[in-house]
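# A predicted structure for the sequence below; I have some questions about it.
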Amino acid sequence: MPSDPIQKQAAVQALAETLALHYPEEILLTLGEGSEGPVALAERLVRQETLERLVRSGDKVHEALIALARTGPQPRGEQARREGILIGLGDIEPGLRRLVAKGLVVMLPAPGQRDWDLFDELETRRYLQREVLLPPPLLAFIAAVLDLTPETHTIGSSERDIAPDHTPSLDILELNLLHLSSRLNGDALVLNKDGTPNRRSLARFVKGLIVPGQAGEDPDLLDPLTFEHLYHVMALGLSLELLVIADRAVTTRLAGCRAFFEATEAERDRLLLKAWRHNDRWDAVEASLHAYTGKHLTAASTTDVRRGVLTSYPTAVRLKGPRGQLLSDLKKLPLQSWAEVDQIASMLMALDRGFLESALSNGPDAPGYAPHQFVHSILTCALPWLGVAETGLLGADSATPRRVFHFTPRGRRLLRIDDTVAPPPTVPSLMVQPNFEITALRNTVSLATLHTLYRVGERVSLANHTAIFRLTAESVQKGYGQGIDAEWLVEFLTRHSRAPIPTNVRHDLFDWERRQRKITLYADAVLLEYPDPDRLDLIAGTLEHYRDPAAAPLVHLGNTELLLAAGQHNALAKAIDLDTAHVIDYEQPPPPCLEHQASLVFKPLPTGLDIVTRVELDRIAEPIGDPDFPDAWKLDPNRIRARWGRDAPAELHAFFDVRMSDGIPADLELQLLALVQSDIQAELRRNVTLVVVSNEQVCNILLEVPDVDEYVAARLGPVTLLIEEDGIEIVEETLARLGLLTQR
Amino acid sequence: MSRFDPHKVTLHLNVAVLHCDSPVTLEETLLLLKDLALHIQRVGATSIAFPRAEFAVIERALHDHALFPRTIGKLPRPTEPSDPTPSD
């Protein structure tokens, strides 16, 4: 197409001004081959035939111009290069370099950059980090001369001939997260010392989790794929703060569960994406290696094959950056329906300019993965397991099947590739039966509704279209214990049910609430006693002021007793003198609390008794004085034997030894033994006969001589034997016969 | 509980407490627990205190009678033996 002279003149003028403004004279001389000024140079370049000759020379000059036309007038060189890849033009860098080298595209030096050389910048490819300028009048001229419209480019093929892999959907992933956090609510998954989940403990909590490709609700923990899927769910649950690790155990974080499961789909998507990006407890390369190529696990442990543990670890931390970068690039690819994994990976690798290599290999904590290995693990494991993508095999029956990938509709929404918002379900999705079972229709029920059902019920079955929950006294009261009340629950069920709530169900929901409210258990508390009620009120006021407001409130249990949540050491230190307080820790041996008053009578020390001692004393002794507040206790052998049976001597010793300031004195210990052991006695003997031999060997042999052995009452030491009265003469004769006897 | 030294505060650590809405409920609850080998001490008119280690026994006894009360505070965790590792 012939060019418009006015348009051409404007292009020449714009290019000449740009060259003069940004390039020093020596560069202009080089570009102008020694003799031209900027205007003459621009006039030579802004010609239809010059442009066509450049395009004909190959080197992707045309593609570079198309990419520049799409990126705006002043992109960075790298930006133009990436645009070329993303619209399917391939790597346009040779064309861009040629355009800059000719002077048609002007490279802007970095701010403050001095003594720079254009050809050095081109040689070292630093120009890709600089802004490159194609003045708009010049771009308009080029667009008039050359066709700068890119061909419509998408990657993908139809769904025909694709055999999908078993991958979890986002809905299944969310249901698994809900199920797991519900099972761990009020319970704890124990971790081994190395941070891996304890397998026996894990087996208790995984029942009901859905593992893709595995039928039933009882996942096989010895299957590596199953184990890795469960591990992924747990790591994501921790990253989402639905779960929390404390004291080597994984438990539920109720606030996190409410924030996630009761949020809208868009908000959950945001939280899921954030958790996925920042997950520093899981490594897709390791997971896919174990899951797809790992050996069958043993019942004992997976410790020997797993580097990562459920706590954050350096390798996984290092992968957060590359994972985020890769996802950012992936979202920009023009993916339509199914596309080959290898093709996507190639494009992602082309977009990357060394970041992956550097992040995966440099530094002490670098995992050392090859970039293509990492990219493949993201495409075939990390994203499909998150449920935002599916994978499958194209030509599964052919000799060369190819793995393919596509984003799911929910995945496209989560990744903001698709801006549509899923409409909230409006149809009632529950059916409450008189047998206390609630059927939830899975295609209409919201996650928030399921969350409430999990809080007050037990899931008893899960089918493709329904989930059945059962309301029990336990499940409903547990729900009440976490802030739900009967009135709210009945209103919730009425609102979501397709039919009225059966009368018996309504009645029991209120009855269970009445029962649940009768008792409150404090599982981990400090009990503070002070005999002066007025002074105790002052202490309570101070504690109230300084205690952690998030902890359980103070409770006055009586006039002289105050209940405080555990872990309030600072508040206690402000309220009382901890150094003089009498501290009884029930996870330690009791402090001394008893003294011996008289034979078999014990009385408490002035500091008082701990609960265990007080109760045990009533079991083994008779109280003296007021039965509710005895002054002392007298030991009762019958009670002691009833309490401890044959172990009474040892138990009695253990009981008193720790509770008396200096242990049990020897004389008291003998009294206690005599109390519970009838064969304890002593005999005083006078006028006894002893045989004393010269050494231990002689004594040993003498004990085997029949006429001596028969009359030995006891051996009193290494060389001394006590002889019975009726054997004295025989023993004397035997010793004489043996030549051992010496008269004394 | 102890009534001996009026000058000192006594602190019971690692205890658990069962608190009822009325003295009648406490009596009913104590009847449920009477056959168990526990160390229980009445505190005030509506509560009992016991070592935290006995929490699970009391909780189970309540569950056996369809009582699932609100529980406040960290539960004593059941212990699981560690999985064997290659170095074991």
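Yep, it's here.
# Please report the distance of A:Asn192 from chain B.
Between A:Asn192 and chain B the computed distance is 5 Å (Cβ to the nearest Cβ, to the nearest Å). C-beta coordinates here come from the backbone N, C-alpha and C atoms, glycine included.
# my guess is that residue contacts A:Leu202, does it?
No: in this structure A:Asn192 lies outside contact range of A:Leu202 using Cβ atoms under 8 Å: 10.3 Å.
# so where does the residue nearest to A:Pro371 when sequence neighbours are not counted fall, helix or strand?
Spatial nearest neighbour of A:Pro371, excluding adjacent residues (Cβ to Cβ, 6 or more residues apart in numbering or on different chains): A:Leu356 at 4.0 Å. With secondary structure defined by DSSP states H and E, A:Leu356 is part of helix A:355-361.
# Against which helices or strands is that helix packed?
helix A:314-332, helix A:371-377 (3 or more Cβ pairs under 8 Å, 6 or more residues apart in numbering or on different chains; DSSP states H and E).
# Please give the centre-to-centre distance between the helix or strand following the last one and its chain.
Past helix A:371-377, heading to the C-terminal end, the next element that is a helix or strand (DSSP H and E) is helix A:383-386. What separates the centre of helix A:383-386 from the centre of its chain is 18 Å, taken as Cα atoms, centre = their mean, to the nearest Å.
# who touches helix A:383-386?
Contact partners of helix A:383-386, identified using Cβ atoms under 8 Å, 6 or more residues apart in numbering or on different chains, comprise A:165, A:167-168, A:170, A:173, A:229, A:232, A:236, A:272, A:276, A:284, A:287, A:327, A:330, A:389-391, A:405, A:411.
# Kindly confirm my reading that A:Thr251 is in a strand.
Yes: counting by DSSP: H, G, I helix; E, B strand; the rest coil, A:Thr251 falls inside a strand.
# pLDDT value on it, please?
Turning to A:Thr251, the model gives it a pLDDT of 90.
# wait, what's in contact with it?
Counting by Cβ under 8 Å, 6+ apart, A:Thr251 touches A:184-185, A:187-189, A:243-244.
# TSV please, covering these and showing distance to A:Leu536, pLDDT and secondary structure.
As requested, the contacts of A:Thr251 are exported to TSV (distance: Cβ to Cβ, whole Å; pLDDT from 0 to 100; DSSP: H, G, I helix; E, B strand; the rest coil):
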residue	distance to A:Leu536	pLDDT	secondary structure
A:Leu184	38	91	coil
A:Asn185	36	87	coil
A:Asp187	36	83	coil
A:Ala188	35	86	coil
A:Leu189	41	87	strand
A:Leu243	40	94	strand
A:Val244	35	92	strand
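# So, low pLDDT: which residues of the chain?
Just so you know, I chose chain A. A:1-3, A:34-35, A:152-160, A:215-217, A:294-309, A:743-744 (pLDDT under 70).
# you looked at the wrong chain, it should be chain B
For chain B (pLDDT under 70), the answer is B:1-7, B:76-88.
# Could you verify that A:Leu393 is part of a strand?
Yes: looking at A:Leu393 with three-state DSSP, it is inside a strand.
# didn't it look like it was pressed against A:Asp165?
Yes: counting by Cβ under 8 Å, A:Leu393 does reach A:Asp165; the two are 7.4 Å apart.
# residues in contact with stretch A:670-687?
Counting by Cβ under 8 Å, 6+ apart, A:599-600, A:635, A:637, A:640-641, A:648-649, A:652-653, A:656, A:664 sit against stretch A:670-687.
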